[in-house]
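*Asks:* All I have is the shape, not the residue letters:
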């Protein structure tokens with residue numbers, strides 16, 4: 001089960017992610033983020049401190065969100081990723097296209 005909680009929208013959109021985001025709920029995750037972004041276009045920061053699992057579909061969804069916000073001149077950042085989740089981003093070289101902090 002995943003939880004997406006918007007912590008703030010100014011100056012950037014800050015979203016706390018928790019639980020598991022996988023193929024079965026990635027579309028819902030994308031829709032929630034897109035809805036917030038459409039209402040408050042800004043950079044997006046995902047606080048991943050309580051995120052426990054992601055799969056390849058989620059990686060693709062995050063890249064899809066990144067492409068969408070960059071079209072408008074905004075950026076996306078991941079913070080507080082657990083080491084094993086950060087490793088997935090590094091293995092896929094996604095740390096070269098988006099900012100990833102700890």
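*Replies:* Ah, there it is. What you see is a predicted model, and the numbers here were worked out from it, not measured in a lab.

*Asks:* Pull out the buried residues from stretch 62-76.
*Replies:* Within stretch 62-76, the residues scored as buried using 16 or more other C-beta atoms under 10 Å are 62, 65, 66, 68, 69, 74, 76. For the C-beta atoms, the positions are set from N, CA and C on the backbone; glycine is no exception.

*Asks:* got any ranges where the protein has weak pLDDT?
*Replies:* Scanning the chain for pLDDT under 70 picks out the ranges 1.

*Asks:* Longest helix in it, by number of residues?
*Replies:* helix 56-71 (DSSP state H).

*Asks:* what's it packed up against?
*Replies:* When contacts are defined as 3 or more C-beta pairs under 8 Å, 6 or more residues apart in numbering; DSSP states H and E, helix 56-71 packs onto helix 26-39, strand 44-54, strand 76-79.

*Asks:* quick one: strands adjacent to the shortest one?
*Replies:* Strand pairing for strand 76-79, using DSSP bridges, gives strand 44-54 (parallel), strand 99-101 (parallel).

*Asks:* Of those strands, flag the one that's most buried.
*Replies:* Of these, the one with the most neighbours on average (mean count of other C-beta atoms under 10 Å) is strand 44-54, at a mean of 19.

*Asks:* what's next to it, contact-wise?
*Replies:* If you take C-beta atoms under 8 Å, 6 or more residues apart in numbering as the criterion, strand 44-54 is touched by 3, 7, 12-22, 33, 37, 62, 65, 69, 74-82, 85, 88.

*Asks:* sorry, back to before: redo the strands paired with strand 76-79 as CSV? Include distance to residue 29.
*Replies:* Putting those into CSV (distance: least, C-beta to C-beta, whole Å) gives the following:
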stretch, distance to residue 29
strand 44-54, 10
strand 99-101, 18
